[in-house]
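Build me a model from this:
(2 chains)
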Amino acid sequence: MNRNRTFTLTALLLGLAFLVTPLVFVVVNSFNDSGYGAWPPPGWSLRWYERLAEQEGFAQAALRSLGIAVVAALAAVVAGTAAAVSLTRFRYPGRGLVESLLLAPLIVPKVAIGLGAFILFLQAGFYGSDGALVGLHLVLLLPFTVNIVGGALVRIPLVYEQAARDLGAGPVRAFVSATLPQLRRSLLAAYVLCFMISFDEVDATVFVVSPDQLTLPVSMYQYLQRYQDPTLAALSTILIGATFALVAVVMATAGTSAVSGLHSGKERRR
Amino acid sequence: MVQTTPTAPDRAATPARRQRMRGVAPRYLLVLPALVPLAVIFLGSLAQLAELGLRPYSAGRIGTGVTLDNVRRFADDPYTWRVLGDTVTLGVICAVLAVALAYPMALALHRMRSAALRSVAVFLIFSPLLTSVVVRAYGWNVLLGDGGVVNRFLIDIGLIETPLRMMYGFPAVVIAMVHVLLPFAVFPLLGVVAQVPASAIAAAHDLGANRHQVFWRVTFPLTRYGVVLSLQLCFALTVSAFATPALLGGGRVQVLSGLVYTNVGAVDWPMAAVQSYALLFIALALIGVVSVATRLTGRRRG
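Numbers count the residues shown, from 1 in each chain, chains lettered A, B, ... in the order given. Next comes the predicted model:
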């Protein structure tokens, strides 16, 4: 164990502590009897959970966010995978341009996308519809699916697919039977990541939602601006529990590579 | 390869058939499902935004026609320039801090031998992404407030006497932003760190390099691409972040995206559009500068 290793390991542990600490305090504070998050908590209570149950808007917003995230993530994975196949398997004029365009929403500030989409939807008469939110989220999610699935695709050897073709399978069938099964984990990882990004998206969504169409993060954002009591901590604790359970299930079924496959695959394509 | 002669003609025919079947159509058809929404919604939004920014605006009314008045109003407002400067400063600080912390974390993860420990660490790095940025802002509020956990702790151990002012200022925004960025910074780095061949490092050691030399002359140059990617992503995410600076800056830290939101509320949409484009140009400019700089340093290093 040299000093080099000790240094990186210390950085890792500090980083992990830094990442987890606010979440821990959110959970603890949801049971804090004090409304001001006094520390250490003067007592324990469930009243923030009771308060949460009285807030009707949150449940509705949660359902809407859930629906949008499920659909937008699915659309992003399907469209992004098709695009990734095209980008990794073919060379053609304009390919670089297509790739840049697909990754551009990552670079363009979300505020610009959000405000532009707001004007666009207003003009096209889509403002206030859930379809508009799905479309906006789809655009924001595509770079992530193209990156993850593209990164996985270049690592999968073509020989299996070629063998399937030689045995008489059509191009679609060869892809579906030879390559797609090897993509399973990356697809799952891409879907989960997209789902979570969509479910949590505020920066662009806040411009596009109509007041009677709030998503969960937007209504939480508005609540936190008005009140600072631990009602949000109670809601967050429920969300943290639910998402941790979801990810635990995903990691148990797909293995950790589902999560470690999340790094960008772009460099491998070069 | 199988050497059966009867299949030989088939084999020869395969490339030609493959060429025909693959043709030109699939490569374009396959990108359409992604390209169409991108062209309509993404490019459409940016086009609408550009058009809006060029509309005349006076006293709460958006007129028709084309004018550069809004660009002039933007350029003439010293406050906007100050906010713009703050936004860029915040972006650079947060991106550098996040990547500086993420790099050793990625290295440690890569070197970790136990698969179980490694997956626990990956899960923990990943875990903030499972929680809303709004929730995390609340969490930092609890931690960093004047009577918050950190201040109470520092006072209790006698390190300070009066609470540190961290909330509603640059420190809180930076801390919370780095928290948001860290997972996004680690994952691209993890990819490139894993690609550094162990043989290159071993060779450098054999040739007598010490660990600093190995790092700065072998490991780091080989991972530069991931570092640049991480920096760019973090910078872009920071300058466009809206909720975190608004909630933790408490109005005292103003970023350009916050001004955009305020102007949308004040129905000065053309100004909001111009400011959005300013943000876009900043992001593009920085990415251009960083790319050129890495290409130049890369050439010098050979």
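
For chain B, give me the ranges with low pLDDT.
For chain B, the stretches with pLDDT under 70 are B:1-24, B:298-302.

which residues of it fall in strands?
B:57-58, B:61-62 (DSSP state E).

For A:Gly15, find the nearest of these.
Checking the strands of chain B against A:Gly15 by Cβ to Cβ gives strand B:57-58 as the closest, at 46.4 Å. Any C-beta I mention is one placed from the backbone N, CA and C, and that applies to glycine too.

close to chain A, is that closest one?
No: Strand B:57-58 stays clear of chain A (Cβ under 8 Å from any Cβ of the partner chain), getting no nearer than 13.8 Å.

neighbouring strands for that strand, and are they parallel or not?
strand B:61-62 (antiparallel) (DSSP bridges).

which residues are contacting the strand it pairs with?
Applying Cβ atoms under 8 Å, 6 or more residues apart in numbering or on different chains, the contact partners of strand B:61-62 are B:52, B:55-56, B:269-270.

So which of these reach chain A?
Among the contacts of strand B:61-62, chain A is touched by B:52, B:269 when using Cβ under 8 Å from any Cβ.

now, which of the contacts of strand B:61-62 sits nearest chain A?
B:Leu52 (5.7 Å; Cβ to the nearest Cβ).

that older thread, most widely separated two among the contacts of strand B:61-62?
B:Pro56 and B:Trp269 (12.0 Å).

Mind checking which of those two has more residues around it?
B:Trp269 (21 against 15; other Cβ atoms under 10 Å in any protein chain shown).

which residues does the closest residue to the more buried one other than its chain neighbours contact?
Distances taken as Cβ to Cβ, 6 or more residues apart in numbering or on different chains put B:Leu52 closest to B:Trp269, at 5.7 Å, once the chain neighbours are dropped. Going by Cβ under 8 Å, 6+ apart, B:Leu52 touches A:119, B:62, B:269-270, B:273.

Sort out which of these are buried, if you could.
For those, a burial check counting by 16 or more other Cβ atoms under 10 Å in any protein chain shown picks out A:119, B:269-270, B:273.

Kindly indicate which of those residues lies nearest B:Leu101.
Nearest member of the buried ones among the contacts of B:Leu52 to B:Leu101, counting by Cβ to Cβ, is B:Ala273, at 35.5 Å.

contacting residues around the closest one?
A:115-116, A:119, B:49-50, B:52-53, B:70.

coming back round to it: Throw the contacts of strand B:61-62 into CSV and include distance to B:Val36, thanks.
Shown next, in CSV, are the contacts of strand B:61-62 (distance: Cβ to Cβ, whole Å):
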residue, distance to B:Val36
B:Leu52, 23
B:Arg55, 28
B:Pro56, 33
B:Trp269, 27
B:Pro270, 29
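
In helices, which of the contacts of strand B:61-62 fall?
Counting by DSSP state H, the part of the contacts of strand B:61-62 found in helices is B:52, B:269-270.

Around B:Asp76, how many other residues sit close by?
B:Asp76, neighbours per other Cβ under 10 Å, totals 9.

B:Cys234 too?
27.

I figured it was touching B:Leu90, is that so?
No: B:Cys234 lies out of contact with B:Leu90 (Cβ atoms under 8 Å); the separation is 11.2 Å.

residue contacts, the residue in the stretch 201-302 of chain B that chain A sits nearest to?
Closest approach between the stretch 201-302 of chain B and chain A, counting by Cβ to the nearest Cβ: B:Ser240, at 3.2 Å. When the contact criterion is Cβ under 8 Å, 6+ apart, the partners of B:Ser240 are A:108-112, A:203, B:257, B:279, B:283.

And it, how far from A:Ala73?
Relative to A:Ala73, B:Ser240 is positioned 21 Å away (Cβ to Cβ, to the nearest Å).

for B:Val92, same thing?
32 Å.

Between the two, which is the more surrounded one?
It is A:Ala73, of B:Val92 and A:Ala73, that has more neighbours when counted by other Cβ under 10 Å, with 27 against 16.

Leaving out sequence neighbours, find the closest residue to that one.
With Cβ to Cβ, 6+ apart, the residue lying closest to A:Ala73 is A:Cys194, at 3.7 Å.

And B:Leu84, by the same measure?
Nearest to B:Leu84 is B:Leu256, by Cβ to Cβ, 6+ apart, at 5.7 Å.

got a list of what the one you found touches?
Here B:Leu256 is in contact with A:111, B:80, B:83-84, B:87, B:239, B:275, B:278-279 (Cβ under 8 Å, 6+ apart).

at 7 Å instead, please
Contacts for B:Leu256 (Cβ atoms under 7 Å, 6 or more residues apart in numbering or on different chains) come out as B:83-84, B:87, B:275, B:278-279.

Could you single out the nearest of those to A:Asp212?
Nearest to A:Asp212 among the contacts of B:Leu256: B:Gln275, at 27.4 Å, using Cβ to Cβ.

I'd say the closest one and B:Ser257 touch.
No: B:Gln275 lies out of contact with B:Ser257 (Cβ atoms under 7 Å); the separation is 8.4 Å.

C-alpha coordinates for stretch A:125-132, CSV please?
Only the C-alpha atoms of stretch A:125-132 are listed here, as CSV (Å, rounded to 0.1, in the frame of the first residue of the first chain):
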residue,chain,number,x,y,z
GLY,A,125,-50.7,25.2,-29.4
PHE,A,126,-49.1,22.4,-27.3
TYR,A,127,-48.5,24.5,-24.2
GLY,A,128,-49.8,22.8,-21.1
SER,A,129,-50.0,19.3,-22.6
ASP,A,130,-48.1,16.3,-21.2
GLY,A,131,-47.0,15.5,-24.7
ALA,A,132,-45.0,18.8,-24.8
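
Quick one: neighbours of B:Arg217, just the number.
Neighbour count for B:Arg217, taken as other Cβ under 10 Å: 13.

residues touching it, list them.
B:Ala209.
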